[in-house]
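> below are the sequence and a predicted model; questions follow.
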Amino acid sequence: MINEGCHVSSEGFRVEAVRSAGCEVRCAVIQGVCRSGKLLWIGGSLCLLACCLVAKGEENEPRQSWEGSGPALLNLFESTLVDVIAQSEKSVVAIARVRLNRPGEVFNLEPRLDPFGGLADRSAPPQPGDPDFIPTEYGAGVIVDAKGLILTVAQLIGEESEYYVTTCDRRTFRARVLAADPRSDLAVLAVPAEGLQPIVLGNAATLRKGQIVIALGNPYAIARDGQVCASWGIVANLGRKAPPMPTDRDPTGKPTIHHFGTLIQTDAKLGFLSNGGALINLKGEMVGLLTTLPVATGHETPAGYAYPVDETFLRVLNHLKRGEEVEYGLLGVQPEGLSFAEKAEGIQGTRVDRVVPGTPADRVGLRSQDLITAVNGAPLYDDDDLVLAVGRLPVDATVTLDVVRDQRRFQVQTVLSKYPVRGRKVVTAEPKKWRGMTVDYVSAVSSSPEGFWQFSRPTDAVAVVAVDEGSPAWKAGLRPGAFISHVENEPVTTPKVFYQVVSKHSGPVRLRLVPDGSENYQPVLIVAP
């Protein structure tokens with residue numbers, strides 16, 4: 001049996017195969033001899049894989065039965081890679097983003113001569129069929145529906161832009177943005193195509209370090225010659241955090257859930273242009289969406305990271321495919337990391353610094369300096385763990401918190417409110433309305449971290465976020481920014497409750513407004529349309 005496995009140094013793939021039996025393996029690919037206690041220099045990681053596999057032979061197995069099995073194992077592994085790539089590459093596309101021309105803006109196109117030797121007219125907008133076509137930005141995407149739905153990263157989506165999708169069979173379609181969610185950095189585009197081959201979705205929750213994965217991408221190559229670039233490697237790490245990117249609007253620099261520890265790290269690399277490509281396993285299932293988010297600040301090598309295809313990913317994707325807004329849970333606390341002294345004492349969890357009035361945390365009596373040690377049974381080790389555990393859950397999810405207060409341990413249960421997502425959202429599905437008005441959670445009306453803590457809100461109400469001009473609600477004087485606490489004397493604290501209550505009334509309905517978050521209120525009568 002094997003006393004030790006194969007060890008690789010950082011210089012030139014030096015392999016040491018140590019066996020208790022004096023075995024010898026000759027392999028044309030390895031081009032060398034692997035003996036007990038001997039060192040072997042090989043030319044690549046495939047040879048390393050074969051050497052390690054061959055080293056697993058039993059010491060009592062006849063030598064002739066496994067001698068020379070290295071090439072067979074390599075051929076098997078190579079065939080698996082080839083088949084999986086061929087199966088999945090048809091689901092990877094190129095996405096070109098072209099910013100629309102603004103007054104006074106000049107397109108950055110290379111000069112080109114016309115048939116008479118003069119400079120060709122380059123004032124027209126670039127087209128995908130133009131040989132000099134250079135989009136503002138390239139990204140990759142994966143087909144998630146045969147009827148033309150393409151998943152990519154939300155980083156690629158911008159204002160005043162057009163998008164063109166090119167498939168591996170070199171068909172190009174103009175695309176529209178169906179939905180985009182900055183919190184997950186995912187977006188779905190729609191193209192007028194039928195019969196596309198959707199990617200097979202896997203489950204990143206089953207991934208382990210060391211598993212072999214394949215990265216598919218490089219949209220520039222797809223757009224030019226229809227060829228997807230492939231690279232294989234292993235899962236190097238899980239639950240990595242994207243580095244913070246502080247801005248004036250967000251001093252924390254953590255706008256996505258991936259800044260709190262979701263990322264798959266792999267040594268399979270394709271470069272910056274693989275943003276939005278697929279990370280697949282040896283079954284051909286996509287387990288991650290490639291991203292260059294971690295390299296935005298220049299800390300890491302590009303394209304070595306992916307967003308995991310997990311329960312949260314699938315929930316977000318389903319909303320985006322319907323053109324809907326993605327909602328995330330909110331607890332309503334400002335977490336605070338433990339001190340070095342507390343950690344040295346073995347204390348585990350995250351402290352509550354502040355509690356926002358009227359939020360789920362306030363309703364169950366959480367206090368400043370409470371120690372939260374677990375969410376739904378999952379242990380917490382720092383404040384990022386708390387943000388991620390709660391932030392991955394949907395609105396109205398019930399959570400159980402393990403809390404320590406004054407040396408006393410207890411549990412509380414609460415229902416999450418809605419997190420105020422910052423960034424550019426794209427929602428094309430028609431929002432739910434009643435008599436021309438749309439309401440939302442009060443916690444979702446602030447779009448800045450400072451505003452969330454400073455804004456005066458009623459504790460039990462819903463917020464009016466949109467009113468159609470000329471509608472019954474508009475004629476009654478309702479405007480965005482108003483808060484509704486009651487419908488015909490029935491309290492309404494969530495949009496779901498509000499729409500359930502108003503659906504029971506067909507005639508004029510009296511609403512109670514709380515315009516400034518105080519005890520004062522005013523009635524408003526909304527007539528039937």
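Thanks, I have the structure now.
> helices of the chain, start to end?
For the chain, the helices defined by DSSP state H occupy 45-54, 63-66, 69-88, 219-225, 311-321, 340-344, 360-363, 383-391, 449-454, 472-475, 495-502.
> go through these and name the closest to residue 195.
Among those, the nearest to residue 195 by Cβ to Cβ is helix 69-88 (16.5 Å). Using the backbone N, CA and C atoms, a C-beta is placed for each residue, glycine as well.
> quick check: the closest residue to residue 89 other than its chain neighbours vs residue 361, distance?
Among residues not flanking residue 89 along the chain, residue 228 sits closest, at 4.1 Å (Cβ to Cβ, 6 or more residues apart in numbering). Going from residue 228 to residue 361 by Cβ to Cβ, to the nearest Å gives 47 Å.
> now that residue 431 has come up, it's in contact with residue 438, right?
Yes. Between residue 431 and residue 438 there is a contact under Cβ atoms under 8 Å: 4.9 Å.
> between these two, which one's more packed in?
residue 438 (19 against 13; other Cβ atoms under 10 Å).
> list the contacts for the more buried one?
By Cβ atoms under 8 Å, 6 or more residues apart in numbering, the residues touching residue 438 are 431-432, 464-467.
> could you find the closest non-adjacent residue to it?
residue 466 (4.2 Å).
> which neighbours do residue 431 and residue 438 share?
residue 466.
> please parse this structure into its domains.
6-67, 78-100+135-325, 329-418, 432-526 (automatic domain parsing).
> dump these to JSON lines, plus mean pLDDT.
What follows is the domains of the chain, written out as JSON lines (pLDDT from 0 to 100):
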{"stretch": "domain 6-67", "mean pLDDT": "41"}
{"stretch": "domain 78-100+135-325", "mean pLDDT": "90"}
{"stretch": "domain 329-418", "mean pLDDT": "95"}
{"stretch": "domain 432-526", "mean pLDDT": "85"}
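> so which of those domains comes closest to residue 425?
Proximity to residue 425 (Cβ to Cβ) singles out domain 78-100+135-325 among the domains of the chain, at 6.4 Å.
> tell me the buried residues in stretch 198-211?
198-199, 201-202, 204, 207 (16 or more other Cβ atoms under 10 Å).
> centre of the chain to stretch 221-232, how far?
Relative to its chain's centre, stretch 221-232 lies at 23 Å (Cα atoms, centre = their mean, to the nearest Å).
> no, scratch that, I was asking about stretch 402-419
Distance, centroid of stretch 402-419 to centroid of chain: 28 Å (Cα atoms, centre = their mean).
> stretch 281-289 now?
15 Å.
> buried residues in that stretch?
281, 284-289.
> quick one: end-to-end length of it, please.
End-to-end distance for stretch 281-289: 12 Å, by Cα to Cα, to the nearest Å.
> same question for stretch 327-338.
29 Å.
> swap in stretch 508-524?
10 Å.
> ditto for stretch 507-523
Stretch 507-523 stretches 16 Å from its first residue to its last (Cα to Cα).
> buried residues in stretch 234-242?
235-236, 238, 240, 242.
> from residue 161, how far off is residue 92?
From residue 92 to residue 161 the distance is 21 Å (Cβ to Cβ).
> I misspoke; the intended subject was residue 382.
In terms of Cβ to Cβ, residue 382 sits 38 Å off from residue 161.
> try residue 352
Residue 352 is 42 Å from residue 161, by Cβ to Cβ.
> just residue 399 next, same as before
38 Å.
> residue 184 too?
Counting by Cβ to Cβ, the gap from residue 184 to residue 161 is 20 Å.
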